[in-house]
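K.L.:
Got a sequence here, can you build the structure:
(chains A, B and C)
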Amino acid sequence: MTALTQSGISLLAAIQEGIPIRPPAASSIAEGVDRLHFFLTGLTLFFTALIFGIIFYFMVKYRRRSEDERPAETEDHLALELTWTLVPTLLTVVIFVWASSLYFRNSRPPSASMEIFVVGKQWMWHLQHPEGPREINELHVPMGVPVKLTMTSEDVIHDFYVPAFRVKKDVVPGRYTSLWFQATKTGIFHLFCAQYCGADHAEMIGWVYVMTPADYAAWLSGGVRNESMSQAGGRLFNQLGCVTCHVADGTGRGPALVGIYGKQETLRSGEIRVVDEALIRQAIVNPNSIILPNYPPIMPTFQGQINEEQVLQLIAYVKSLGPEERKLNAK
Amino acid sequence: MADTAIHNAHPSGFAHQFEDMEQQHEAGSLGMWVFLVTEIMFFGGLFACYAVYRALHLPAFELGSRLLDVRFGAANTAVLIASSLTMALAIHAAQTGKRKSVVMYYLVLTMILGAAFLGIKFTFEWRHDFVEHLVPGFGFEVRPEWGAVGQQVPMFFCFYFFMTGLHALHMIIGIGILTVLTVMASGGRFDEQYYAPLEVSGLYWHFVDIVWIFLFPLLYLIGGHYAMAGGH
Amino acid sequence: MSSTVTDIQHGAPAESSRVHYLNANYGIKSWLLTTDHKRIALLYLGSITLMFFVGGAFAVLMRLHLIEPQGALVEPDTYNKLFTLHGVIMVFFFLVPSIPATLGNFLVPMMIGARDLAFPRLNLLSWYIYIVGAIFTLYAAISGGLDTGWTFYTPYSSSFSHTQVVPVALGVFITGFSSILTGLNFVVTIHKMRAPGLTWFRLPLFIWAMYATSIIFILGTPVIAITLFLLGLERLLHIGIFDPAIGGDPILFQHLFWFYSHPAVYIMILPGMGVMSELITCFSRKKIFGYSFVGFSSMAIAVISFLVWGHHMFVTGQSIYAGLIFSVLSFLVAIPSAIKVFNWTATLYKGSISYQAPMLYALGFIGLFTMGGLTGLFLASLATDVHLNGTYFIVAHFHYIMVGGAVMAYLGGIHFWWPKITGRLYPDGWARFAALVIFVGFNLTFFPQFMLGYLGMPRRYAVYPAEFQVLNVMSSAGASILGIGYLIPLIYLVWSMRYGPVAGPNPWGARGLEWETPSPPPTENFDEIPVITEEAYDYANPHPGVARG
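P.N.:
This is a model prediction of the structure:
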């Protein structure tokens, strides 16, 4: 009972303030998604009202007036059946085409994206900027710049969700997933974990800080001077002994890694793969699943010896190796 | 129509929710076929997982397959096919009105062959695998000579034991059913009019046989056998 | 409560001396060892009702907890167990068996003119299997609970959770066989035991719905069984088939899980749609509009339901092309449901409509199912699903269909066939009042959740940002009303079993073979198996069954 009274009071208060209907629309895709959402809302309300309305009308008009009333049989009507089969079908085709093309456009990051690397673990988000700053449960980004997140999990499946940007992607152990967004407004926006991940799933939340490019540059260069991701990766590359086999001039037992990022390689099995983040990660944790021709399958696995963030740092290091950095087109 | 059917004398085994023996027989057969469809979906889920992991980790699966002894697998295949033959002969014997001892003879022979299958599998194959530390979850040891695909070899053996284990469970249940049928046969329950329990059990037995026919190549024959000498 | 035409077919003898299925034998053994499909239906009715209120109690606790952003009632660990067990119990132990195991078991033989199902002992076995599964799950609930969500996603469930994953998985695994046996029984019965003259296209649409549901039982349930079996082995033996460390794929679990669990939601709604066809026709006194369309749409739903599971996984990182295929098929599966809604509405046209409680439930179903189904379009649409997946929008969508749809159909059916099952009439005034309370409570509970989801509140959150509080409080208020609404029928239905007026064979003036037997029916259903000569829903004929022998 107290719940009811309490809720009544809250309700009245909220009605005075206005209950929010939309989350902030703070990304380049938000308006497009909202347009589709409101179209579907209108459609839902229209058809619900239509059906309820017709039912109500029939309920009144054809209410039983006497006990032995027995209505005449109405005949089936094929044209009507086909109409109300084809019209919904057409409607769904329209919605499908609209939604799919929107999804296609929304899924492909522009090639000049700024990259951020995310590791989700129970129950926090670790975010790494390539230039060095590391954040926990917070992400600072500049407005108006496409940002691509490459993400993985240390443990269970999580999900990176920023309602204001209308973006969401699962964060899965053992592989990389990615999402991109371009913020169109400065401000502070919710970040949620949206895939149940255990006890403190509801605490695995944070904030995205969208700043003007100038403010972002200031933020980036201020604060604690961390080594960049590729510097950290280079350090690991030496510490873990990778440099012993992967000699830069190609004289080692393993292939030289200079310029390898973005190249197409043919594996011993005949398969052709592009060297992207996922392949480099695979090479580190499960080396002999991707044997290159002319090289013996002797690389040991580093699984369990380094965490996902360190893997990302090694990848950043490999990406940074000359002679020129090949930009990988958005996958 | 209903009345006459009810008042006719029915063979033993008639169940009164049915109108006549023909309806009962048809219902029983259809019921067993529907049940086998559920079994296909049950094993099918396992086969689907196997297919996915084999596609992802072919070298590990081939290596694991070479560690199995194809001779035992082949012997078991022959044993099971023979047992399907004896099962069919048991049904045929009842259908053609042979003496109950003939029916029982073939049923018992089927059971012996089924038990032989299980004997080969458990005492020769599984026990050996256990001793060689090839059973995931029971002290599996990744051997260095497997190279770096060794990490995924346990996956193959997971599927080997799941699939053959589930199959063996179905065999054990089948042998139980055959025991019941043998007892029924010994009581003279089956004749040319009434052999439906034999027939539907035969369907089950043949199904279990067919599952093995799929399992054998998928588990024992991938990976170019004989390529690795002394694998076990 | 007004009783409508009472057809006096066979001159019912005095109630006290007539033998029927309820008084044919007494004693607990006669119930626990029965093979009568009608008694088994009642055994299921009792067990399912119990599980419904257990699952409902968890829901009430959850909604009470959520009136405050930091949680008003329990620790997050406990909350996580509450929503998990609410889901497990409601899905596997209430919704999946509900109409098939109670109304289906009772009515399928009667509607087709048979004396029982094809395999009565398997039917009893299926109830015992259900009970064993339920006991495992309830045991797990009180001895540590489960906190993985009803979806058991790996690797959390296989390698990280410290709760009773294996006992609950085992309970669900076992209960799955109960579904399989029920489905098998229905398929064989409907194929082989129809009365003479009862061709497929003369069957009541409830039978078509049971048949389509049974197809899904048979094809889908074994897959969840093997999935849970693998999960159990993984957890017990630590072998890692869903663990990336040895090459396992946690997403493979999701494919396996949803391959059953999507068709499962059609198991939960198709029987309700079957009930709809029976209620709408009876309470508008007209044959169904578009019989073949409604019948075939049930089959179409059953088939297409197996092709759409990936729409639960659009944001897992699956390829865009896989997403497109699952999206277009998910749109396709909506069409047969739309066809049904239009046909039911058209059946009302120029009918003679009365408003007893079953009809109120039916009309509520049509509206709420329409809304729930249309909100599915938001989720079939890839672009909007990205934003809405994992939020309260999903929770609202499926509750609209499962509670606003399936549970209302279930209640409508229970009320409609109550006189036949018990031989008593329930008080229709109270029933209509309860239906209204449920309708209002339901909408107040779940409509705000659409808004919460769109605003971005994720599901399965034990605590939430303060800005979401108002809508949460509204939802919890609705839940209190809904809870009360469900208790009212429990009270008057139980009351009516003892004190309700005695019912005749056909208090609603309905059509269908079950209404041509006394209420309650004799154990063998029919003295003589009828021969059928007319079409289903023969409401234009004022004297049904007179032409028959």
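K.L.:
Quick one: mean pLDDT over whichever strand or helix holds C:Lys340.
P.N.:
Using DSSP states H and E, C:Lys340 sits in helix C:320-348. For helix C:320-348, mean pLDDT is 96.
K.L.:
In that helix, which residues are buried?
P.N.:
By 16 or more other C-beta atoms under 10 Å in any protein chain shown, the buried positions in helix C:320-348 come out as C:323-324, C:326-348. All C-beta spots, glycine's among them, are computed from the backbone N, C-alpha and C.
K.L.:
same deal with stretch A:162-175?
P.N.:
Quick answer for stretch A:162-175 (16+ other C-beta under 10 Å): A:162-175.
K.L.:
out of everything not next to it in sequence, what's closest to the closest residue to chain B within chain C?
P.N.:
Residue of chain C nearest chain B, by C-beta to the nearest C-beta: C:Leu237 (2.8 Å). Spatial nearest neighbour of C:Leu237, excluding adjacent residues (C-beta to C-beta, 6 or more residues apart in numbering or on different chains): B:Gly137 at 2.8 Å.
K.L.:
Same question for B:Ala116.
P.N.:
B:Val79 (5.2 Å).
K.L.:
got the contact list for that neighbour?
P.N.:
B:113, B:116-117, B:120 (C-beta atoms under 8 Å, 6 or more residues apart in numbering or on different chains).
K.L.:
element containing the residue nearest to C:Leu237, please.
P.N.:
Short version: B:Gly137 belongs to no helix or strand, going by DSSP H and E.
K.L.:
measure it to C:Ser330 for me?
P.N.:
Distance of B:Gly137 to C:Ser330, computed by C-beta to C-beta, to the nearest Å: 38 Å.
K.L.:
try C:Gly272
P.N.:
20 Å.
K.L.:
ok, now A:Glu203?
P.N.:
Counting by C-beta to C-beta, the gap from A:Glu203 to C:Ser330 is 33 Å.
K.L.:
Hmm, B:Trp94 is touching B:Tyr195, no?
P.N.:
Just so we're on the same page, residue B:94 is Ala rather than Trp. Yes - taking contacts as C-beta atoms under 8 Å, B:Ala94 lies within contact range of B:Tyr195: 3.9 Å.
K.L.:
Check the secondary structure at C:Phe296 for me.
P.N.:
Under DSSP: H, G, I helix; E, B strand; the rest coil, C:Phe296 falls in the helix class.
K.L.:
Could you pull up phi and psi at whichever residue of chain B sits closest to chain C?
P.N.:
In chain B, the residue that lies nearest chain C is B:Gly137 (2.8 Å; C-beta to the nearest C-beta). Per-residue torsions, B:Gly137: phi 90, psi -10 (degrees, to the nearest 10).
K.L.:
contacting residues for it?
P.N.:
Neighbours of B:Gly137 in contact, by C-beta under 8 Å, 6+ apart: C:233, C:236-239.
K.L.:
7 Å instead, please
P.N.:
Going by C-beta atoms under 7 Å, 6 or more residues apart in numbering or on different chains, B:Gly137 touches C:237-239.
K.L.:
Reformat those residues into CSV and put distance to C:Trp515 and pLDDT next to each item.
P.N.:
Formatted as CSV, these follow (distance: C-beta to C-beta, whole Å; pLDDT from 0 to 100):
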residue, distance to C:Trp515, pLDDT
C:Leu237, 55, 86
C:His238, 58, 82
C:Ile239, 56, 81
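K.L.:
quick one: which of the residues you listed is most hemmed in?
P.N.:
C:Ile239 (25 neighbours; other C-beta atoms under 10 Å in any protein chain shown).
K.L.:
so what's that residue closest to, chain neighbours aside?
P.N.:
Nearest non-adjacent residue to C:Ile239 (C-beta to C-beta, 6+ apart): B:Pro136, at 4.3 Å.
K.L.:
Please apply the same query to A:Glu131.
P.N.:
A:Ser228 is the one closest to A:Glu131 (C-beta to C-beta, 6+ apart), at 5.2 Å.
K.L.:
how many neighbours does that neighbour have?
P.N.:
18.
K.L.:
same deal with the one 10 residues further on?
P.N.:
For A:Asn238, the count of nearby residues is 11 (other C-beta under 10 Å).
K.L.:
do the same with C:Ser319
P.N.:
8.
K.L.:
Now it. Its backbone dihedrals?
P.N.:
Dihedral angles (degrees, to the nearest 10) for C:Ser319: phi -70, psi 150.
K.L.:
Same question for B:Gly139.
P.N.:
Dihedral angles (degrees, to the nearest 10) for B:Gly139: phi 80, psi 40.
K.L.:
who's in contact with residue 47?
P.N.:
All of this refers to chain A. Per C-beta under 7 Å, 6+ apart, neighbours of A:Phe47: C:370, C:374.
K.L.:
Can you look at chain C instead?
P.N.:
C:130-131, C:134.
K.L.:
Who wins on neighbours among those?
P.N.:
C:Tyr130 (28 neighbours).
K.L.:
Check the spacing between that residue and C:Thr182 real quick.
P.N.:
From C:Tyr130 to C:Thr182 the distance is 9 Å (C-beta to C-beta).
K.L.:
Number of residues surrounding whichever residue of the stretch 101-250 of chain C sits closest to chain A?
P.N.:
Proximity of the stretch 101-250 of chain C to chain A (C-beta to the nearest C-beta) peaks at C:Pro244, 2.5 Å away. Neighbour count of C:Pro244, defined by other C-beta under 10 Å: 20.
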